[in-house]
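Colleague: Got a sequence here, can you build the structure:
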Amino acid sequence: MQELTRAAIRNVAASSTVYARGLQLFRSGAVKGISIQRTTGQFRIGIMDSYEYTVTIDEKSDTEIVYTCNCASAIKESGACKHVVAGLFSVLKHQEHEKLKSLPTPEDRRACSVMDFFRGQEDLVQPMEVFHIEPVITVPKMLTANEGNAYLSLKCGHDLLYKV
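Modeller: This is a model prediction of the structure:
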């Protein structure tokens, strides 16, 4: 499967309303279980909404997201239903967790985690509103091969940029 992004999930959702409802389901803890079949590359995800639904997402294709859901909306709509969107967010979270585990140092993992947090804020922004992230890296002049520190700071915000 391609590496998922929020934009890719937004593109497969049946509408922006379905995307927002799927994100809300994911954030509310409706994802009750995820199992990964490593040999087939398939994710099976249990979503508890008004009923319990099962979403499957296949990793077979590098160019498209292959999914199924056993809800009525999945049959009626063209595009992913809210349960698939919630399931895709859980797969995205799994992929991000796996990527974090592969980073070599705790500092790298922490910096990546902070960047991912602010990247996730794009889902809270209203349409036509821009959320800016500006990384600032400071390297002192006297940085030797084994000594010294470089510093990363972030400026984030909508209209005003706040240093974090």
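Colleague: Which residue ranges make up the domains of this structure?
Modeller: What automatic domain parsing lists as the domains of the chain is 6-102, 106-163.
Colleague: Can you give me the distance of the most centrally placed residue in the chain to residue 26?
Modeller: Centroid check for the chain by CA atoms, centre = their mean gives residue 92 as the closest residue, at 4.3 Å. From residue 92 across to residue 26, the span is 9 Å (CB to CB, to the nearest Å). For every residue, glycine as well, the C-beta is placed using N, CA and C.
Colleague: repeat for residue 100
Modeller: 19 Å.
Colleague: Show me which helix runs longest in the chain.
Modeller: helix 82-102 (DSSP state H).
Colleague: Identify the residues contacting that helix?
Modeller: The contact list for helix 82-102 (CB atoms under 8 Å, 6 or more residues apart in numbering) reads 1, 3-6, 9, 12-13, 18-19, 21-23, 25-26, 30-31, 34, 36, 43, 45, 47, 49, 53, 55, 57, 65, 67, 69, 71, 73-74, 80, 109, 112-113, 116.
Colleague: Show me which of these are buried.
Modeller: The neighbour count (16 or more other CB atoms under 10 Å) marks 1, 4, 6, 9, 12-13, 18-19, 21-23, 25-26, 30-31, 34, 43, 45, 47, 53, 55, 57, 65, 67, 69, 71, 73-74, 80 as buried among the contacts of helix 82-102.
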